[in-house]
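Asker: no FASTA, just this:
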């Protein structure tokens, strides 16, 4: 991979979070499609919203409202980086978001990361006294992980959400 193909990207999506949020779900960095759409997990082949819909047994018509209703905060580990398209493996020059500042004065009792890159970055850069549970990626790049298994893995969210 040629470094010339990577572009500097600044994370421009606002975190979804309120004082009464109970869990924080962190990805690595928004995909090109999510950056275009202005919201998390927007790529049509990403199974994140389908998984949450199954876990909470409800149709999701408004993604932000759904998260706030269930006490789910969303953000990403990375604040800026160089990246080729949406490829986690191409990420370099990482600056991390201030997760500690985000969760201060909230009810967040557990932090979840989605995918290996988010898990590894969280473990490397973030030091918080909050339980951390890594979850598998819902990206189509993780096609080996079938939908029913993803739903079983993500069911742990119900234990922490209202």
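Answerer: Yep, it's here. All values derive from a computational prediction rather than experimental measurement. Numbers count the residues shown, from 1 in each chain.
Asker: Which SSE is immediately downstream of the helix or strand residue 9 falls within?
Answerer: Here residue 9 sits within strand 7-10, counting by DSSP states H and E. Sequence order places strand 23-27 as the next helix or strand after strand 7-10, per DSSP H and E.
Asker: so for that following strand, what's the average pLDDT?
Answerer: The average pLDDT for strand 23-27 rounds to 98.
Asker: And stretch 109-118, by the same measure?
Answerer: Rounded mean pLDDT across stretch 109-118 is 96.
Asker: so where do the strands sit in this structure?
Answerer: 7-10, 23-27, 72-76, 78-83, 92-96, 110-114, 132-135 (DSSP state E).
Asker: just checking, which of those comes out with the lowest mean pLDDT?
Answerer: Comparing mean pLDDT across the strands of the chain, the weakest is strand 7-10, with a mean of 89.
Asker: what distance separates it from the centre of its chain?
Answerer: Computed by C-alpha atoms, centre = their mean, to the nearest Å, the separation of strand 7-10 from the middle of its chain amounts to 18 Å.
Asker: neighbouring strands for that strand, and are they parallel or not?
Answerer: Strand pairing for strand 7-10, determined by DSSP bridges: strand 78-83 (antiparallel).
Asker: Not counting the partner strand itself, show me its contacts.
Answerer: 3, 6-11, 28-29, 90-98, 121 (C-beta atoms under 8 Å, 6 or more residues apart in numbering). The C-beta positions use only the backbone N, C-alpha and C, and glycine is treated the same way.
Asker: show me the contacts for the closest residue to residue 5 other than its chain neighbours.
Answerer: Leaving aside its sequence neighbours, residue 5 sits nearest to residue 84 (C-beta to C-beta, 6 or more residues apart in numbering; 4.9 Å). Contacts for residue 84 were tallied using C-beta under 8 Å, 6+ apart; they are 1, 5, 6, 7, 90.
Asker: Compare those and tell me which is most surrounded.
Answerer: residue 6 (18 neighbours; other C-beta atoms under 10 Å).
Asker: Hmm, that one is touching residue 92, no?
Answerer: Yes. If you go by C-beta atoms under 8 Å, residue 6 and residue 92 touch, sitting 6.5 Å apart.
Asker: so residue 85 makes contact with residue 30?
Answerer: No. Judged on C-beta under 8 Å, residue 85 makes no contact with residue 30 at a distance of 11.7 Å.
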